[in-house]
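**Q** prediction below, plus the sequence it came from.
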Amino acid sequence: MADEIPTNGGNGADDADGPQAATLAQYIKDLSVESPSAPQVFRWQEQPQLSVNFQINVENVDEGVHEVVLKIEVSRRSESGGSEAEPVPADGESGAQ
């Protein structure tokens, strides 16, 4: 009939001979957050300009096993404060007096 909807598993579930993918493990290899203008940044009124960059690398680890590395870099610029970190003296103390 014309109003019958096929009931397959969807997403290639009926295709047992086709390629398959599975996630073996997920982890964060490196995480860095820098906020050189904190806490002043929370008082700024204008919206910052955001830049988002994605870099994807794939390496063959073993036969049929690949490592996919996703690097996401987000930066901001604002008239109230730049995107560069302010230099900190070598002794780690603030330069403000």
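**A** Perfect, thanks for sending it.
**Q** going by C-alpha atoms from here, please, whenever you check contacts or count neighbours.
**A** Will do.
**Q** what's the pLDDT at residue 29?
**A** We have a pLDDT of 85 for residue 29.
**Q** tell me the SS of it?
**A** Here residue 29 is coil, with the state taken from DSSP: H, G, I helix; E, B strand; the rest coil.
**Q** how deep is it tucked in, by neighbour count?
**A** Neighbourhood size, residue 29 [other C-alpha atoms under 10 Å]: 6.
**Q** what does residue 23 give?
**A** So residue 23, with other C-alpha under 10 Å, has 6 neighbours.
**Q** what about it, distance to residue 43?
**A** Look at residue 23 and residue 43: by C-alpha to C-alpha, to the nearest Å, they are 42 Å apart.
**Q** cool, and residue 67?
**A** 42 Å.
**Q** so for these two, which sits in the more crowded spot?
**A** Between residue 67 and residue 43, counted using other C-alpha under 10 Å, the more crowded position is residue 67 (13 against 9).
**Q** who's in contact with that one?
**A** 58, 59, 60, 61 (C-alpha atoms under 8 Å, 6 or more residues apart in numbering).
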